[in-house]
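**Student:** what's the 3D shape of this:
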Amino acid sequence: MTMPNSGAITGAAQTGFTSPTYTMTADTPPSQFAKQGAILALGGTQTGVSTHSVSDPFTISVFRPTVLKPFVVKNAITGIGVNVPKNDYKVIGRKGALPFANNPYQVIQFKTTFSVPAGVDSYSPAEVRGLTSCYVGYLWANSAGLGDTLVQGTI
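**Tutor:** As a prediction, the model looks like this:
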């Protein structure tokens, strides 16, 4: 399955939110090597959260490398890969927010880069999926704690 840029999203637990949901609609991505969705509807209780607008963006973008790099060269003597290139994928979330009253919106940005050494995708795909599962699961399980950390500044 490729990454969707439209549809319903069930939000993870956050302090003060009850059953948050988001409806994402396909949007024009910033690159031909990306997909982007804009959040145009909210569900559940999440007081103070607004949907996407020009001055108050709420988008999720997924980028793939512009050129996918294959595994290239092994050392003829050792059989070890030399300068193994990486394929970098990115997920960027953007949300407008007011820093204080009577000021223009500022954009909160969350970026995650997934850097996968070339060749791993075909030789060790289970390792890629294992880290993906653990990483996303960790963020999902600790969503409220992460939100609290970003608001309170404590870990």
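**Student:** only C-alpha atoms for contact and neighbour calcs from this point on.
**Tutor:** Will do.
**Student:** what's the spacing between Ala141 and Gly11?
**Tutor:** 12 Å (CA to CA, to the nearest Å).
**Student:** if you count what's nearby, which of these two comes out ahead?
**Tutor:** Shown here are Ala141 and Gly11; by other CA atoms under 10 Å, Gly11 has more neighbours (17 against 13).
**Student:** the longest helix in this structure is where?
**Tutor:** Identified as the longest helix of the chain according to DSSP state H is helix 125-141.
**Student:** right, and the helix or strand after that helix?
**Tutor:** helix 143-152 (DSSP states H and E).
**Student:** gap between that next one and the chain center?
**Tutor:** Distance of helix 143-152 from the chain centroid (CA atoms, centre = their mean, to the nearest Å) equals 17 Å.
**Student:** now do stretch 113-121
**Tutor:** Its chain's average C-alpha position is 16 Å from that of stretch 113-121, according to CA atoms, centre = their mean.
**Student:** how about the strands in this structure?
**Tutor:** 7-10, 18-27, 34-45, 58-63, 86-97, 106-117 (DSSP state E).
**Student:** Tell me which of the ones you listed sits nearest to Lys74.
**Tutor:** Nearest of the strands of the chain to Lys74, taken as CA to CA: strand 106-117 at 13.7 Å.
**Student:** centroid residue for this structure?
**Tutor:** Val91 (3.3 Å; CA atoms, centre = their mean).
**Student:** Contacts only, for that one.
**Tutor:** Ile60, Ser61, Val62, Phe63, Lys111, Thr112, Thr113 (CA atoms under 8 Å, 6 or more residues apart in numbering).
**Student:** Swap in 7 Å and give it another go.
**Tutor:** By CA atoms under 7 Å, 6 or more residues apart in numbering, the contact set of Val91 is Ser61, Val62, Phe63, Lys111, Thr112, Thr113.
**Student:** is it in a bridge, and if so with what?
**Tutor:** Val62, Thr112 (DSSP bridges).
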